[in-house]
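# turn this into a model:
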Amino acid sequence: MTFIRIVLPVLLGMALVLQADDQGEVNQPLPKQTGDSKKKEEKAADTGDAKKEATLTELLADPDIEAVASPSCANTESDCPLGGTKLGEIDKYLDPKTPPQEQRKLVPVVMESVKKLIEKSFQSEPKFESKAGILVHLARYSNDNKKIEGNEWMTCWKGGKHGLDKKALACGPERRLFGTKNVAILFVHLNIAHTAGDWRDLDSANVTYHLIAKAKLPINIQHLLSLLNLVGAGAQAAAVPQRIAIMGAGFADDVPSPSDLTAFATTKQDGKTSQLGSRLAVDNEGFYLWDVSVAVPVNKISLAEYSETNGSVSPKEVNKQSVYGLFNLYPYPVDLKKGGARYLLPRPAIGLGLTGRPGQNFFVGGAWGFPFLQFFVGSGFANTKVPVAGGAAGATVEQYKSRATYGLNIPVLSAIEKVKAAAAAKKK
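Residues are numbered from 1 along each chain as shown. From the prediction side, this is the model:
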C-alpha cells in the first residue's frame, strides 16, 4: 500500500504534466510588429547583438533552397479549397486601416478559417496524416496591386507537440515546429485586382515560395559538447476590377530534424526578382529523453546566490574538482528549449566526476526542482586506496566508498560562465 500511495500520485502528476504540455498550443497568429519592437531590433542591430539577416541574393544562392509552393487556384474556381473560406474577415484582419481592437476580435475567425483551409488543402496528402508542420502566409495587396500592405506568418502543427493526437491541428505564435520531417507551406493572397483573362497571367500570380532547411545538432547533444568543453576548458478603358484571392500549397522534401527553417516568397516582374512580404524563421526541433547538466555539491545556504537577471538560484562558485557532469533521464520526451514542465518531474540522474580518471568518481541518484531552483540528491562514489588487512606493509587495494551527496543542479552554460569568471578572477 505504501508503494501505491507514493508511486500512483507521481504517475498521475506525470500524466497531467504531459497532457498540459501537449495541449499547450496557443491559437493566436504571430504578434504584429509594433513601433517599439522595430526600435528594439534597430538598436540590437546598431549594437551588434542581432544576427545579420541574409540578403535575398544570398538566400536564393543557398544550396539547400527548395521551391515548395506556387499559386494553384483562385476563389473564382469552384474546385478551389478557398471556397467557403471567410476571405472577407481575413482581408479585414490584414488591412492596416482596421483598428487594432477589431483585429483582435477577428483572431478566432481567422484561425478557424486557416485550420479548415489546411484540412481541405492537404486531405489527400499522405505526409499530412503523420506529424506535420505547416507554415502559413497570409498577404493582402494594396488596391493598386503594386505592393503587399499587410502580411502575416503563422505556424501550425498536426498531431500535437508530442505527436500523441494524430487528428489534432493547432496554430500558434511560436516560430517553432517540434522535430517534424514533414513541412508544408500554404499561402493566401487577397485583394488582387482582376478584370479579364486568366488570373495566372497576372503579375501577382508570378510567385514562388521557398524553404531552406539547415540541419543542426540536437540541443541535448549541444549541451553535452558544452559539458565536454567544460572538462577541457498603363491603363486600359477602366473596367471595375474584380478583387480575387489566390492560394497555393505544397510539402517540402526530406526536411532534416532538427533544423533551422527559413521560408519566404519571391515574385518576378520585368525581369527582376524581389521578395514578397516578410520572411519566416522557424526552429524545428523535437523533444528528448535526456539532457546533461552540472551537479554542484552545496552543503551551506551561504554557498548559493540568487540571480536577479534570470530569477534563478545557483552556486557562487563552480570548482571542477568537486562537481559531476550529470545525465538527467526523463520518463518521456520533453521540450528542452521552452517551458518548465520538465523541471517538475522527479527523475533518475547519473553523474561522472569532471576530473580524475574516468570512473574514479561517479554519482547515482535523482534530480527535481523548479525552473529557478534545481536540486540533486543521491550517493557519490569515490575510488580510494585502502590498506589490505593482514597484508604486507604498504599494501593497498582500490575500493569504492560512498557518501550522501546533494546540492544544486545547474545548466551547462551557467557552469561554464562560473568557471570562466573564476579563472578571470585568478588572473587579476
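
# gap between the nearest residue to residue 148 once chain neighbours are set aside and residue 266?
Counting by Cβ to Cβ, 6 or more residues apart in numbering, residue 148 lies nearest to residue 277, which is 4.6 Å off, once chain neighbours are set aside. (Each C-beta comes from the backbone N, C-alpha and C, glycine too.) Distance, residue 277 to residue 266, by Cβ to Cβ, to the nearest Å: 10 Å.

# can you check residue 147 too?
Residue 147 sits 15 Å away from residue 266, going by Cβ to Cβ.

# neighbour count for the two, which is higher?
More neighbours surround residue 266 than the other of residue 147 and residue 266, with 17 against 9 (other Cβ atoms under 10 Å).

# who's in contact with that one?
56, 60, 207, 208, 210, 273, 274, 275, 276 (Cβ atoms under 8 Å, 6 or more residues apart in numbering).

# the second one touches residue 275, doesn't it?
In this case it means residue 60. No: in this structure residue 60 lies outside contact range of residue 275 using Cβ atoms under 8 Å: 9.6 Å.

# still on that earlier bit, out of the contacts of residue 266, list just those in strands.
For those, the ones inside strands are 207, 208, 210, 273, 274, 275, 276, with DSSP state E as the criterion.

# tell me how many other residues surround the residue nearest to residue 148.
Neighbour number of residue 277 under other Cβ under 10 Å is 22.

# touching, it and residue 263? I think so.
No: using Cβ under 8 Å, residue 277 is not in contact with residue 263, being 10.6 Å away.

# so what's in contact with the two at the same time?
Common neighbours of residue 277 and residue 263 (Cβ under 8 Å, 6+ apart) are residue 137.

# A strand includes residue 197, no?
No: counting by DSSP: H, G, I helix; E, B strand; the rest coil, one finds residue 197 to be coil, located in no strand.

# confidence score at it?
Looking at residue 197, its pLDDT is 88.

# ditto for the one 10 residues further on
The per-residue pLDDT reported for residue 207 equals 95.

# ranges for the helices of this protein?
Along the chain, counting by DSSP state H, helices occupy 2-22, 35-47, 56-60, 87-94, 100-122, 126-129, 219-232, 412-427.

# by mean pLDDT, show me the worst of those.
helix 35-47 - the lowest mean pLDDT of the helices of the chain, at a mean of 41.

# of all the ones in strands among the contacts of residue 266, which two lie farthest apart?
Maximum pairwise distance in the ones in strands among the contacts of residue 266, criterion Cβ to Cβ, is 13.2 Å, between 210 and 274.

# residue 378: neighbouring residues, count only.
Residue 378 has 21 neighbouring residues, counting by other Cβ under 10 Å.

# name the nearest residue to it, sequence neighbours excluded.
Nearest residue to residue 378, sequence neighbours excluded (Cβ to Cβ, 6+ apart): residue 365, at 1.4 Å.

# returning to what we had before: more crowded one of residue 210 and residue 274?
Using other Cβ under 10 Å as the criterion, residue 210 and residue 274 rank with residue 210 on top: 21 against 10.

# so that one bridges to which residues?
residue 67, residue 264 (DSSP bridges).

# equivalent analysis for residue 293, please.
residue 326.

# okay, it and residue 368: tell me how far apart.
Computed as Cβ to Cβ, the residue 293 to residue 368 distance reads 12 Å.

# shared neighbours of these two, anything?
With Cβ under 8 Å, 6+ apart as the test, residue 293 and residue 368 both reach residue 374.

# between these two, which is the more surrounded one?
Taking neighbours as other Cβ under 10 Å, residue 293 and residue 368 compare with residue 293 leading, 25 against 15.

# I figured that one hits residue 412, correct?
Yes: between residue 293 and residue 412 there is a contact under Cβ under 8 Å: 6.2 Å.

# common neighbours of those two, please.
By Cβ under 8 Å, 6+ apart, residue 293 and residue 412 have these common neighbours: residue 223.

# so what's residue 99 up against?
So residue 99 contacts nothing (Cβ under 8 Å, 6+ apart).

# now do residue 264
Neighbour list for residue 264: 56, 59, 209, 210, 275, 276, 278, 279, 280 [criterion: Cβ under 8 Å, 6+ apart].

# quick check: bridge partners of the residue nearest to the spatial centre of the chain?
Centroid-nearest residue in the chain, with Cα atoms, centre = their mean: residue 176, separated by 3.8 Å. Residues in a beta bridge with residue 176, per DSSP bridges, are residue 283.

# now do the same for it: its pLDDT.
If you check residue 176, the pLDDT there is 90.
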